[in-house]
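Enquirer: my questions are about this predicted structure, shown below with the sequence.
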Amino acid sequence: MDLGIKGRKAIVCASSRGLGRGCAAALAEAGCNLVVNGRDAKSLAATAAEIRDRFGVAVTEVAGDVSQPDIQKALLAACPQPDILVNNNGGPPRREFLEINRAQILEGVTNNMVTPLELIQAVIGGMAERGFGRIVNITSLSVYVPIPGLDVSSGARAGLTAFLAAAARNFAHRNVTINNLLPGKHDTDRLRGPQRAGLELSENEKGLIADIPAKRFGTPEEFGQICAFFCSVHAGYLTGQNIPVDGGSYVSAF
Ligand SMILES: NC(=O)c1ccc[n+]([C@@H]2O[C@H](COP(=O)([O-])OP(=O)(O)OC[C@H]3O[C@@H](n4cnc5c(N)ncnc54)[C@H](OP(=O)(O)O)[C@@H]3O)[C@@H](O)[C@H]2O)c1
């Protein structure tokens with residue numbers, strides 16, 4: 001399927017590994033020129049080189065913490081008029097509810113709610129003026145399903161979702177959409193531990209998979225393809241939605 005976004009410019013935050021990288025690769029496959037990001041400059045450069053070689057698109061690297069205002073500025077300087085913004089960031093670590101302190105709550109809210117909001121505020125006016133914009137936020141299934149220990153993550157992402165619900169409608173008539181993809185369990189370092197993505201399953205991971213209707217973890221590649229469709233010309237009438245990408249884990253008839 002031709003996604004109709006060849007030559008479009010995309011900023012993909014936190015995209016050197018995992019789900020962000022899957023989104024960057026799928027957008028590159030669709031012909032988008034990219035700005036990619038991650039804190040570790042070496043792994044970011046390796047990802048950028050691979051995407052460039054494979055898809056022949058322009059890929060600009062902006063290394064640094066996307067939650068920091070100077071890095072956000074650098075992303076926007078590298079791509080002042082993005083057509084597509086994929087918001088992503090690392091997630092807060094697991095913590096017991098009673099052990100979470102104020103600083104940790106504020107850090108999680110900054111990283112997973114305020115940062116994507118700031119980037120959206122910076123780009124959405126231009127998208128509206130130009131009559132095309134696609135914004136995808138990588139959130140989490142924890143917005144729908146409580147996960148003990150990931151309370152900061154769930155709260156910040158649910159806050160982001162609610163914060164954007166009105167804006168998604170307000171910009172729809174300018175062909176600018178805002179949607180959220182809710183990952184369930186995917187084969188990335190975040191879920192499986194440092195540099196364990198793609199490796200053989202441990203006994204504990206086999207147990208996790210048994211509970212997923214699809215009986216496997218999702219892949220960053222298939223996650224990225226869904227993201228690319230949401231960024232396509234075909235998805236202009238689809239906005240303000242939360243899409244679980246979870247192999248059927250979220251159980252609800254509607
Ligand atoms: N995988 C899952 O099953 C799952 C499920 C639910 C929700 N999620 C959420 O989805 C998001 C992506 O998860 P993932 O599994 O792809 O994680 P991952 O495999 O750990 O990859 C995270 C990516 O983000 C970059 N990154 C992390 N913190 C950053 C920061 N402050 N600034 C810029 N880049 C940063 C990392 O590079 P550097 O480390 O070099 O910065 C890496 O490229 C996370 O928010 C996660 O909580 C994932």
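Expert: Arrived safely.

Enquirer: so what's the residue count around Leu119?
Expert: 22 (other CB atoms under 10 Å). All C-beta atoms are positioned from the backbone trio N, CA, C, and that covers glycine.

Enquirer: that one touches Gln72, doesn't it?
Expert: Yes. Using CB atoms under 8 Å, Leu119 makes contact with Gln72 at a distance of 6.1 Å.

Enquirer: intersection of neighbour lists for the two?
Expert: Val66 (CB atoms under 8 Å, 6 or more residues apart in numbering).

Enquirer: dump the residue contacts of the closest residue to Ala165 other than its chain neighbours.
Expert: Sequence neighbours aside, Gly240 is the residue nearest to Ala165 in space, at 5.9 Å (criterion: CB to CB, 6 or more residues apart in numbering). If you count contacts by CB under 8 Å, 6+ apart, Gly240 has them with Leu164, Ala165, Ala168, Arg169, Ala172, Thr177, Ile178, Asn179.

Enquirer: where does the fourth one land in three-state SS?
Expert: Three-state secondary structure (criterion: DSSP: H, G, I helix; E, B strand; the rest coil) places Arg169 in helix.

Enquirer: what's across from Leu34 in the sheet?
Expert: Going by DSSP bridges, Leu34 is paired in beta bridges with Ala10, Val59.

Enquirer: got a pLDDT number for it?
Expert: For Leu34, the pLDDT comes out at 98.

Enquirer: that one: what's it in contact with?
Expert: 9-12, 15, 24, 27-28, 48, 51, 57-60.

Enquirer: for the ligand, see how far away it is.
Expert: Distance, Leu34 to the ligand, by CB to the nearest ligand atom, to the nearest Å: 14 Å.

Enquirer: and Tyr237, by the same measure?
Expert: Tyr237 is 26 Å from the ligand, by CB to the nearest ligand atom.

Enquirer: show the buried residues in the contacts of Leu34.
Expert: 9-12, 15, 24, 27-28, 48, 51, 57, 59-60 (16 or more other CB atoms under 10 Å).

Enquirer: nearest to the ligand among the residues you listed?
Expert: Closest approach between those and the ligand, by CB to the nearest ligand atom: Ser15, at 6.0 Å.

Enquirer: am I right that Leu85 falls within a helix?
Expert: No. Assessed with three-state DSSP, Leu85 is strand; it does not lie in a helix.

Enquirer: if you drop the residues flanking it in sequence, what lies closest to the most centrally placed residue in the chain?
Expert: Geometric centre of the chain, nearest residue: Ile138, 3.1 Å, by CA atoms, centre = their mean. If the residues on either side of it in the chain are set aside, Ile138 comes closest to Asn88, at 4.3 Å by CB to CB, 6+ apart.

Enquirer: can you redo the contacts of Leu34 as CSV with pLDDT and distance to the ligand?
Expert: As requested, the contacts of Leu34 are exported to CSV (pLDDT from 0 to 100; distance: CB to the nearest ligand atom, whole Å):
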residue, pLDDT, distance to the ligand
Lys9, 98, 19
Ala10, 99, 16
Ile11, 99, 12
Val12, 99, 10
Ser15, 98, 6
Ala24, 99, 10
Leu27, 99, 15
Ala28, 99, 15
Ala48, 98, 11
Ile51, 98, 13
Val57, 98, 19
Ala58, 98, 20
Val59, 98, 14
Thr60, 98, 15
